[in-house]
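Student: Please work out how this folds:
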Amino acid sequence: MGYSVISQIMLIYYPVLAAIGVPVNLVAIVILSRGKCGLSKCISVYLVGMAAGDLLVVITDPIFSKINVLYLPWSFLDITPLCSFILSMTEAATVVSVWFTVAFTFDRFVAICCEKLKTKYCTERTAAVVLGTVSVLGCSESLPWYFIYEPRFIIDNVPWGCEIKPSFLTSPAWAAFEMLHLILTPCVPFCLILLLNVLTVRRILVSSRVRRGLRGRSNGENQSDPEMENRKKSIILLFSISGSFILLWLTQVVFSIYVRIVDIRSYYSFTDPGYITEQTAKMLQLLSSCTNTCIYVLTQTKFREELKNAVKYPFNLIVKFTDAKYSFSALAMPSAAMRSTLAEQMQDAPSSWTIPHHLSQVEKSLRRNPFDHKALRQCSARNVLGDLQGKEGVAPIGQFLDQTADAIWQNVSSPELTNRHRDVAWMVVRKALPVQSFQHARNISTTARCPRGCSIARPSSTS
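Tutor: A predicted model of the protein is given here:
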């Protein structure tokens, strides 16, 4: 007897999902962790955590739970303790991934709707604490799933397979735990994401109307609003992630509630409509673990640029190595014919075949930076210096975005300032202005009070 239609789809769907989901989430983790996508550190931490959670879902569910059953039946992964561990970790990864999305949605809600709480909550440290807490609680909540299975067979004293214990179907305690699990994942996250997005949209509409009115009165004409442009990018990212989650989880949420109401425990065949609906809902749910990277590509310009650079990186390495080899081999190691010719002309003068120090520095710079050597030779020294400076990264400044930090550093090094003013501006940005409290914090001064007789010591500029 051949496979049913839904089984044939699963045989193709899950390997393709695993082949796409693992590299896609790994690329997202690498690119976002570099912090060069123009996003705040807080958002980057949440997105890296969500990508890591989605990666764990792809590894535990499609690979270890689905592909193992479809293509590798009765492998070592089917030993009962390992099988129970994989199934419990599948539940844990799903719970953690879902609540990571809720945490990100709540963070954006606070950033847009709660101005007073924003400065304290929307920080890199708070994001890390929230993700760590969610991970611990999610794994703890999913731990009981390990104990609901028993072996199907025992061969040579080795337990094989995972079968649900009869007590799980009859015990009120297990029934309460299953209901609690259903409420916590995915019913509560689904409702929270919907509620937070509705409140966020409401606040955005009100604030946008007020800002347009104020700017229209002050300027008398329509002009671009940088604050609204930055907020628009964050909103597009938030709604894209939340919208894809809601759409792909909708079938699973509705069917899970329907199954508990009707009390469906098993199916008679693989062509049963209930079985087909359950597997379809599961495939859509797992698809949500691969969509976030596509959302980043479509909505984030700098993420696309970093992705292009990542794709080009191996080829740039090959080109750099080839160009450097042929560009500097003649200078560093002249050919035998050239050496003999030069030696005949320079018999009476000392000679050296090593590269001068200043040329070796140029060589190192060209090796590190992927320039087109032909175009480089046509540029002036000033243009080459500008290109080299453009390759350098921007030093971060507190919670400012990369664009704001770049503008600050340009103003600090403005040619209109004297050297003394530049030094003072640099110390202000670096919070290293040598005020009395700064010196006292480093044991340079015996007191933190102002020498002019101020009654209250000023707070340290390094705090």
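
Student: tell me which residues in stretch 9-28 are buried?
Tutor: 10, 13-15, 17-18, 21-22, 24-25, 27-28 (16 or more other Cβ atoms under 10 Å). (Each C-beta comes from the backbone N, C-alpha and C, glycine too.)

Student: And A51, how close does it get to V24?
Tutor: Distance of A51 to V24, given as Cβ to Cβ, to the nearest Å: 9 Å.

Student: Need the residues touching each of those two.
Tutor: Common neighbours of A51 and V24 are listed as T293 (criterion: Cβ atoms under 8 Å, 6 or more residues apart in numbering).

Student: re earlier: tabulate the buried residues of stretch 9-28 (CSV), appending distance to E278, pLDDT and secondary structure.
Tutor: CSV is the format used below for these (distance: Cβ to Cβ, whole Å; pLDDT from 0 to 100; DSSP: H, G, I helix; E, B strand; the rest coil):
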residue, distance to E278, pLDDT, secondary structure
M10, 12, 93, helix
Y13, 14, 95, helix
Y14, 15, 95, helix
P15, 20, 95, helix
L17, 17, 96, helix
A18, 20, 95, helix
G21, 21, 95, helix
V22, 25, 95, helix
V24, 26, 94, helix
N25, 25, 95, helix
V27, 31, 93, helix
A28, 29, 94, helix
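
Student: Let me know the helix or strand that the spatially most central residue of the chain is in.
Tutor: Residue closest to the mean C-alpha point of the chain, counted by Cα atoms, centre = their mean, is V48 at 2.7 Å. Per DSSP states H and E: V48 is located in helix 41-58.

Student: so what does that helix touch, helix or strand wise?
Tutor: Contacts defined by 3 or more Cβ pairs under 8 Å, 6 or more residues apart in numbering; DSSP states H and E place helix 41-58 against helix 5-33, helix 80-113, helix 124-142, helix 226-262, helix 291-299.

Student: Mind telling me which of the ones you listed the model trusts least?
Tutor: Here the lowest mean pLDDT among the helices and strands packed on helix 41-58 goes to helix 226-262, at a mean of 85.

Student: neighbouring contacts of whatever helix or strand comes next after that helix?
Tutor: Counting by DSSP H and E, the element after helix 226-262 in chain order, helix or strand, is helix 273-287. Contacting residues not belonging to helix 273-287 are listed as 6, 9-10, 13, 17, 57-58, 61-62, 248-249, 251-252, 255, 259, 264, 267, 269 [Cβ under 8 Å, 6+ apart].

Student: What subset of those is buried?
Tutor: Buried by 16+ other Cβ under 10 Å: 6, 10, 13, 17, 57-58, 61-62, 248-249, 251-252, 255, out of the contacts of helix 273-287.

Student: show me what contacts the residue lying closest to V98 once chain neighbours are set aside?
Tutor: Excluding its sequence neighbours, the residue lying closest to V98 (Cβ to Cβ, 6 or more residues apart in numbering) is P189, at 4.9 Å. Listed by Cβ under 8 Å, 6+ apart, the contact partners of P189 are 98-99, 101-102.

Student: Next one, pLDDT for P189 please.
Tutor: Among the per-residue scores, P189 holds a pLDDT of 94.

Student: which secondary structure element contains it?
Tutor: For P189, the element it lies in under DSSP H and E is helix 188-219.

Student: and that helix, how far out from the chain's middle?
Tutor: Between the centre of helix 188-219 and the centre of its chain there are 26 Å (Cα atoms, centre = their mean, to the nearest Å).

Student: What residues of that helix count as buried?
Tutor: Buried-residue list, helix 188-219, by 16+ other Cβ under 10 Å: 189-190, 192-193, 196-197, 200, 204, 215.

Student: Ok, stretch 424-434 next?
Tutor: Residues of stretch 424-434 classed as buried by neighbour count (16+ other Cβ under 10 Å): 425, 427, 429.

Student: how near is the second one to I444?
Tutor: This points to M427. Going from M427 to I444 by Cβ to Cβ gives 15 Å.

Student: ok so, going back, in contact with the residue nearest to the centre of the chain, which residues?
Tutor: Listed by Cβ under 8 Å, 6+ apart, the contact set of V48 reads 28-29, 32-33.

Student: try V134
Tutor: Taking Cβ under 8 Å, 6+ apart, we find V134 in contact with 96, 99-100, 103.

Student: mind putting those in TSV, distance to A405 included?
Tutor: Converted to TSV, the contacts of V134 look like this (distance: Cβ to Cβ, whole Å):
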residue	distance to A405
V96	33
W99	32
F100	28
A103	26
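
Student: nearest to K165, of those residues?
Tutor: Among the contacts of V134, V96 lies closest to K165 (Cβ to Cβ), at 25.3 Å.

Student: What's the local residue count around that closest one?
Tutor: 26 (other Cβ atoms under 10 Å).

Student: That one is in contact with C139, isn't it?
Tutor: Yes: judged on Cβ atoms under 8 Å, V96 makes contact with C139 at a distance of 7.2 Å.
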